[in-house]
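K.L.:
Output the structure for:
(one chain, ligands or ions: 1)
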Amino acid sequence: DVLVVGSANADLTVRVARRPGAGETVLGSDLVESAGGKGANQAAAAARLGARTALLAKVGDDAFGELLLAGQRAAGTELRHVLVERGARTGTAMIVVGPDGDNSIVVSPGANARLSPADVTDAREAVAAASVVSLQWEIPPETVRTAVALARECGTRVVLNPSPAPERLEGELLAAADPLVVNEHEARQLSGRADGGPAEWAGALRALGARSVVVTLGGDGALAADDGGTVAVAGVPVTAVDTTGAGDAFTGALATRLAAGEALADAVRFAVRVGAASVTKAGAQPSYPTPGELP
Ligand code: ADP
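P.N.:
The predicted model follows:
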């Protein structure tokens, strides 16, 4: 089983011809609302691939919370641990897409900020039952720390995707990450090597204590490094329509294969295909493939 502990956000997207400066108003496209947030995305990706998946997250008792629940229901996620906090607002990501497809995003954490260490200990049974617990960085750090400590106590493997990247990660979190999953930006930031390449970043992160490291490289695929060696997995050429949530599709897919006992490099080969499939359709969760839809 896979347990994802993380964020759930309503993605509110508007396309604009030109982004507004301070004090300025511009008109944009119709608003598109879709289910997002790194935790909810990873859970949806894993569940759509057929893995038994649970999500521990917190939403508010508003329409956006309903949107998030509907997204998970459609994917087939176990919802028992999606907590609905009365009087709280569901997290939102206000996304402005410019003419070149470049995003500017403001996230309002809302209920995600209230996902507490106590919520994690209340779900102890789910942490113990899971083979893999997958975590990101859009919920309070102390909640991540509690989940990591509990997972280690229960012998549950930790997949840690420190995104959005903190300035640094403490040694205990690095030591628990098996693997640490980072994109290029996060790899540079957390390895302290602004220059260099994927193999160097992975080596530096392992030297800092990570048991294994996966660096995702967009259209160029990914690199996996563990005690078995370093393996570069080429990207799958596809026509990219929308890369929103590609990293989350990748990490959710990786978690399903690690939960099934696959070796890291094999799990990364599978995750690269899932990430590639996800960029061929619009949106985050709506773009996630079933096993029959993989390139
Ligand atoms: P993030 O979305 O976190 O920045 P990446 O951009 O590295 O992460 O993408 C994650 C994964 O999604 C990649 O490893 C790859 O499998 C897939 N992917 C992303 N962009 C493309 C693309 N243009 N073509 C094919 N696959 C892609």
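K.L.:
Could you tell me which residues within the host helix or strand of residue 65 count as buried?
P.N.:
Here residue 65 is covered by helix 63-75, with elements defined by DSSP states H and E. For helix 63-75, the neighbour count (16 or more other Cβ atoms under 10 Å) marks 64-65, 67-69, 71-72, 75 as buried. Glycine gets a C-beta too; all of them are placed from N, C-alpha and C.
K.L.:
Dump those residues to CSV, plus pLDDT and distance to the ligand.
P.N.:
As requested, those are exported to CSV (pLDDT from 0 to 100; distance: Cβ to the nearest ligand atom, whole Å):
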residue, pLDDT, distance to the ligand
64, 98, 22
65, 98, 25
67, 97, 22
68, 98, 20
69, 98, 24
71, 97, 18
72, 98, 20
75, 97, 18
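K.L.:
circling back: can you show me the CA trace of the helix holding residue 65 as CSV?
P.N.:
Output of helix 63-75 as CSV, limited to C-alpha atoms (Å, rounded to 0.1, in the frame of the first residue of the first chain):
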residue,chain,number,x,y,z
ALA,A,63,-16.8,23.9,-2.4
PHE,A,64,-13.0,23.6,-3.1
GLY,A,65,-12.8,20.8,-0.5
GLU,A,66,-15.6,19.0,-2.3
LEU,A,67,-13.6,19.4,-5.6
LEU,A,68,-10.6,17.8,-4.0
LEU,A,69,-12.7,14.9,-2.5
ALA,A,70,-14.3,14.3,-5.9
GLY,A,71,-10.9,14.2,-7.6
GLN,A,72,-9.6,11.6,-5.2
ARG,A,73,-12.9,9.6,-5.4
ALA,A,74,-12.6,9.5,-9.2
ALA,A,75,-9.0,8.3,-8.9
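K.L.:
From the rest of the structure, what touches the helix or strand following it?
P.N.:
Going down the chain from helix 63-75, the next helix or strand is strand 82-85, by DSSP H and E. The contact list for strand 82-85 (Cβ atoms under 8 Å, 6 or more residues apart in numbering) reads 8, 55-61, 65, 68-69, 72, 111, 114-115, 119.
K.L.:
Also stretch 237-248?
P.N.:
Under Cβ under 8 Å, 6+ apart, the answer for stretch 237-248 is 11, 36, 38, 41-42, 45, 95, 101, 103, 161, 163, 181, 183, 216, 218-219, 275-285, 287-288, 295.
K.L.:
can you give me the helices in the chain?
P.N.:
Using DSSP state H, the helices of the chain run over 38-48, 63-75, 117-122, 124-129, 141-154, 171-176, 184-191, 198-207, 246-259, 264-278.
K.L.:
out of these, nearest to residue 24?
P.N.:
helix 63-75 (26.9 Å; Cβ to Cβ).
K.L.:
If any of the contacts of strand 82-85 are buried, put those into a ChimeraX selection.
P.N.:
Filtering the contacts of strand 82-85 down to the buried ones (16+ other Cβ under 10 Å) takes a single ChimeraX command:
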select :8,55,56,57,58,59,60,65,68,69,72,111,114,115,119
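K.L.:
Give the buried residues for the helix-or-strand element of the chain with minimal mean pLDDT.
P.N.:
Scoring the helices and strands of the chain by mean pLDDT, DSSP states H and E places strand 103-108 at the bottom, with a mean of 89. Within strand 103-108, the residues scored as buried using 16+ other Cβ under 10 Å are residue 107.
K.L.:
Which strands and helices lie in contact with it?
P.N.:
In terms of contacts (3 or more Cβ pairs under 8 Å, 6 or more residues apart in numbering; DSSP states H and E), strand 103-108 is packed against strand 91-97.
K.L.:
pull the CA atoms of the strand it packs on into PDB?
P.N.:
Extracted C-alpha coordinates of strand 91-97, given in PDB (Å, rounded to 0.1, in the frame of the first residue of the first chain):
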ATOM      1  CA  GLY A  91      -5.800  25.500   0.100                       C
ATOM      2  CA  THR A  92      -5.800  27.200  -3.200                       C
ATOM      3  CA  ALA A  93      -3.200  27.900  -5.900                       C
ATOM      4  CA  MET A  94      -3.900  31.000  -7.900                       C
ATOM      5  CA  ILE A  95      -2.200  30.300 -11.200                       C
ATOM      6  CA  VAL A  96      -1.600  32.900 -13.900                       C
ATOM      7  CA  VAL A  97      -0.400  31.400 -17.200                       C
END
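K.L.:
Roughly how far does residue 174 sit from residue 279?
P.N.:
Counting by Cβ to Cβ, to the nearest Å, the separation of residue 174 from residue 279 is 29 Å.
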